[in-house]
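1. build me a structure from this.
(one chain, ligands or ions: 1)
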Amino acid sequence: MRKVEEFFANIAAKLGEDAVNRAEETVSRYGENTMPGGSRPPLGVVYPRSTEEVQVIVRAANEFDVALYPVSTGNNIGLGSRSPVHVGQVVVDLGRHMNRIIEVNDKLGYAVVEPGVSYQTMYDELVRQGNKYMIDVTSGPPQGGVMGNALDKGAGYAPYFDHFGMSCGMEVVLGNGEILRTGDGALATGNQLNWHTSKYSYGPIIDGLFAQSNYGIVTRMGMWLMPRPPAIRSFHFTYEDDDALEEITDICRILKMSNYVPTLFRVANDLYTCGAEVVSEEFTQSGGQKSISDEGRKRLWQQFGLGSWTVSGAFYGPSMEAMDPQIQRVRDLFGRSGKARYISHEDAENINPLKVAINAFSGVPSASELGLLRWRPGGGNTWFLPGTPTDGQIANEFQKVGRAIYEKHGMDYMVMNVCAARFMRGLHVITFNREDEDECRRADACYRELSEELVRRGVFVGRAPIDYQKFHMDQTTDSFRDACSGIKNVFDPKGIIAPGRYGIGE
Ligand SMILES: Cc1cc2nc3c(=O)[nH]c(=O)nc-3n(C[C@H](O)[C@H](O)[C@H](O)COP(=O)(O)OP(=O)(O)OC[C@H]3O[C@@H](n4cnc5c(N)ncnc54)[C@H](O)[C@@H]3O)c2cc1C
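-> As a prediction, this is how the structure comes out:
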């Protein structure tokens, strides 16, 4: 039986009164998110200072039957922010005190971080140390965390874009209260030379079990850093035709398959690029009932000098001039059909929506893209994250399906495809007025219909907001769900860590 009062009293006695906060204002702030389903206030918040204190909290949760919900920096905006997956869980805010960069290894190019290290902190520290390395950033909140993002399988845009893939070696407090160190961290001597350099050590690769799951609380993680190149030169091509997505995708595939272009491609539509800079003019006229008109879109094209789709990538080299031949090659390819307009790196520096891309390719955190949350009033924002093969025909067909569904629900089609050699992730933003019940209902219906339509075509999501984690888990096979709950029973037999996260446990 759940013994909430005993739990908080136990934590306050063992970790100090200031390790617990149950004030109404705090509980309400931690419950806030941008989802259509509303806030999810926790029972309270606890603030550990070390791995040992996390153990104390997990053991108390087991003893008093209280569910925990760990957050690192709690900036998971559009996916749940820092609110727990269910009302009544206790948020473990790791980031408040456990926010040290434990090590930056200057020779081997990796950092070891605690949960609270944000992209901004990491960037500032690397600059302070001479700007020799760059951390791969997201284009989301600079206060978002290196660890929380990697654990949610977040990604960036530069060569080290795969944040979980670039992590190496972690320390985890399991749901049963035991400490597990992965990779070479498992060596019993306590002197682990290769913990953060060797990904494939002895035995099974256990690290992956802690991404998008609820088996443990990660307290330390190694993250590889990319040497900062002397020069970064971006290129951008903009197209007016919606169907140009087909051509763009096919060119991106050619350029990525050989890794000729070292970054991922950001293939962003008009509302994704311009929507972060302005508010919707038409929202008030239609009372949020209708998607933006074609005329409205064209006004944005004129205002920003960008068309329906804009594709951005970058080269790294010894100097800007040294990259002239590479730039010429992409200009030849994208220029072949005559539909694309080239925008140079220098011009893009002065176009805000493209500056976001340059920052992302350069490992510089920036807050500009958060403007997407203001495109419609009311702060509602949820992300739908499916993907397609890097095949122009399929991508374009999905565009048509997606646009039609957004329009049916009166939402504005706001999408960026992040394009690799064989796969591209479609970042679909649904921005809505969270103060308006009808808009929340339509945003929710839009999300579900997008997913159901794409599932019929064999497409799954790669990450999900808290409102839809159970919904997506129900789209998996029985054997997958059985495997997930079987592992949960081993690592967290009483089910106290984030039950329901990613649809695992109740
Ligand atoms: C405009 C905009 C642009 C964005 N762009 C990007 C982008 O380019 N790429 C991208 O990946 N995301 C993007 N995001 C999403 C998001 O904001 C980031 O991914 C954010 O960095 C993740 O939040 P966080 O680091 O604060 O993680 P947290 O909120 O701390 O953690 C995320 C989740 O992981 C789990 N977790 C966290 N820490 C631990 C731990 N130590 N142990 C166990 N479980 C843990 C928790 O369940 C938590 O809810 C964007 C969002 C917006 C609004």
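2. pLDDT-wise, which helix or strand of this protein ranks last?
-> When each helix and strand of the chain is scored by mean pLDDT, DSSP states H and E, helix 282-286 comes last, with a mean of 90.
3. next helix or strand past it?
-> Using DSSP states H and E, the helix or strand that follows helix 282-286 in sequence is helix 294-304.
4. so who does the residue in the stretch 301-450 of the chain positioned nearest to the ligand touch?
-> In the stretch 301-450 of the chain, the residue that lies nearest the ligand is Glu369 (4.1 Å; CB to the nearest ligand atom). To be clear about C-beta, it is placed using only N, CA and C from the backbone, and glycine gets the same treatment. Neighbouring residues of Glu369 by CB atoms under 8 Å, 6 or more residues apart in numbering: Ser139, Gly140, Ala276, Val356.
5. next: Met223.
-> Shown in contact with Met223 (CB under 8 Å, 6+ apart): Tyr110, Ala111, Val112, Val113, Ile135, Val146, Met147, Ala150, His163, Met166, Ser167, Cys168.
6. mind running it again at 10 Å?
-> Residues counted as contacts of Met223 (CB atoms under 10 Å, 6 or more residues apart in numbering) are 101, 110-113, 117, 122, 135-136, 146-147, 150, 160, 163-164, 166-169, 196.
7. from the ligand, how far off is it?
-> Met223 is 12 Å from the ligand, where distance means CB to the nearest ligand atom, to the nearest Å.
8. quick check: pLDDT value at the most centrally placed residue in the chain.
-> The centroid of the chain falls nearest to Gly154 when counting by CA atoms, centre = their mean (3.7 Å). Gly154 carries a pLDDT value of 97.
9. so it is in contact with Gly144, correct?
-> Yes: using CB atoms under 10 Å, Gly154 is in contact with Gly144, at 7.9 Å.
10. can you list residues touching both of those two?
-> Taking CB under 10 Å, 6+ apart as the criterion, Gly154 and Gly144 both touch Asn76, Thr138.
11. and the longest helix anywhere in the chain, what does it pack onto?
-> The single longest helix within the chain, with elements called by DSSP state H, is helix 437-456. Contacts defined by 3 or more CB pairs under 10 Å, 6 or more residues apart in numbering; DSSP states H and E place helix 437-456 against strand 380-384, helix 392-408, strand 423-432, helix 469-473.
12. in a markdown table: the ones you listed, plus mean pLDDT and mean neighbour count.
-> Listed next are these as a markdown table, based on pLDDT from 0 to 100; neighbours: other CB atoms under 10 Å:
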| stretch | mean pLDDT | mean neighbour count |
| --- | --- | --- |
| strand 380-384 | 98 | 25 |
| helix 392-408 | 98 | 18 |
| strand 423-432 | 98 | 24 |
| helix 469-473 | 98 | 18 |
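13. Ile232 and the ligand, how far apart?
-> Distance, Ile232 to the ligand, by CB to the nearest ligand atom: 17 Å.
14. who in the stretch 201-350 of the chain is up against the ligand?
-> Proximity of the stretch 201-350 of the chain to the ligand (CB under 6 Å from any ligand atom) is limited to residues Ile217, Val218.
15. by proximity to the ligand, which residue of the stretch 201-350 of the chain wins?
-> For the stretch 201-350 of the chain, CB to the nearest ligand atom, closest residue to the ligand: Val218, 3.9 Å.
16. tally up the residues packed near that residue, please.
-> Here the number of neighbours of Val218 (other CB atoms under 10 Å) works out to 27.
17. now do the SS call for it.
-> Of the three states, Val218 takes strand according to DSSP: H, G, I helix; E, B strand; the rest coil.
18. how about the contacts made by Asn359?
-> Val137, Ser139, Pro142, Tyr157, Ser234, Pro365, Ser366, Ala367, Ser368, Glu369 are the contacts of Asn359 under CB under 10 Å, 6+ apart.
19. partners of the fifth one in the sheet?
-> Meaning Ser234. With DSSP bridges applied, Ser234 shows beta-bridge pairing to Ala314.
20. with adjacent residues omitted, what lies nearest to the residue nearest to the centre of the chain?
-> The shortest distance from Gly154 to any non-neighbouring residue, by CB to CB, 6 or more residues apart in numbering, is to His163 (5.3 Å).
21. next: Asp242.
-> Nearest to Asp242 is Ser308, by CB to CB, 6+ apart, at 5.0 Å.
22. part of a helix, is the residue of the stretch 301-450 of the chain closest to the ligand?
-> Yes: per three-state DSSP, Glu369 lies within a helix segment.
23. quick one on the thing from earlier: the residue of the stretch 201-350 of the chain closest to the ligand pairs with what?
-> For Val218, the beta-bridge partners are Val172 (DSSP bridges).
24. go ahead and confirm it touches Gly185.
-> No: between Val218 and Gly185 there is no contact under CB under 10 Å: 11.8 Å.
25. which residues do the two both contact?
-> Among the neighbours of Val218, those also in contact with Gly185 (CB under 10 Å, 6+ apart) are Met170, Glu171, Val172, Asp207.
26. what's the closest non-adjacent residue to the second one?
-> On the basis of CB to CB, 6+ apart, the spatially nearest residue to Glu171 that is not a chain neighbour turns out to be Arg220, at 4.0 Å.
27. can you check the first one too?
-> Of all residues beyond its chain neighbours, the one nearest Met170 is Met221 (4.6 Å), with distances taken as CB to CB, 6+ apart.
28. so the one you found, which of the three states?
-> strand.
29. distance from the chain centre to stretch 208-219, please.
-> Distance of stretch 208-219 from the chain centroid (CA atoms, centre = their mean, to the nearest Å) equals 16 Å.
30. check stretch 260-273 too.
-> Centroid separation for stretch 260-273 versus its chain: 16 Å, with CA atoms, centre = their mean.
31. ok, now which ones touch His428?
-> Taking CB under 10 Å, 6+ apart, we find His428 in contact with 272, 382-386, 402, 405-406, 411, 413-417, 446-447, 450, 454, 461.
32. now a ChimeraX select for only the buried ones of those residues.
-> Listed next is the ChimeraX selection for buried residues among the contacts of His428, using 16 or more other CB atoms under 10 Å:
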select :272,382,383,384,385,386,402,405,406,411,413,414,415,416,417,446,447,450,454,461
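33. for Cys484, see how far away Val172 is.
-> Distance of Val172 to Cys484, computed by CB to CB, to the nearest Å: 17 Å.
34. neighbour count for these two, which is higher?
-> Per other CB under 10 Å, whichever of Val172 and Cys484 has more neighbours is Val172, with 25 against 19.
35. OK, contacts around the more buried one?
-> 51, 54, 178-182, 185, 206-207, 209-210, 215-221, 491.
36. could you rerun that using 8 Å?
-> Residues near Val172 by CB under 8 Å, 6+ apart: Ile179, Leu180, Arg181, Thr182, Phe210, Tyr215, Gly216, Ile217, Val218, Thr219.
37. related to what we said a few turns ago, redo the helices and strands packed on helix 437-456 as JSON lines? Include distance to the ligand.
-> Formatted as JSON lines, those follow (distance: least, CB to the nearest ligand atom, whole Å):
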{"stretch": "strand 380-384", "distance to the ligand": "6"}
{"stretch": "helix 392-408", "distance to the ligand": "18"}
{"stretch": "strand 423-432", "distance to the ligand": "7"}
{"stretch": "helix 469-473", "distance to the ligand": "10"}
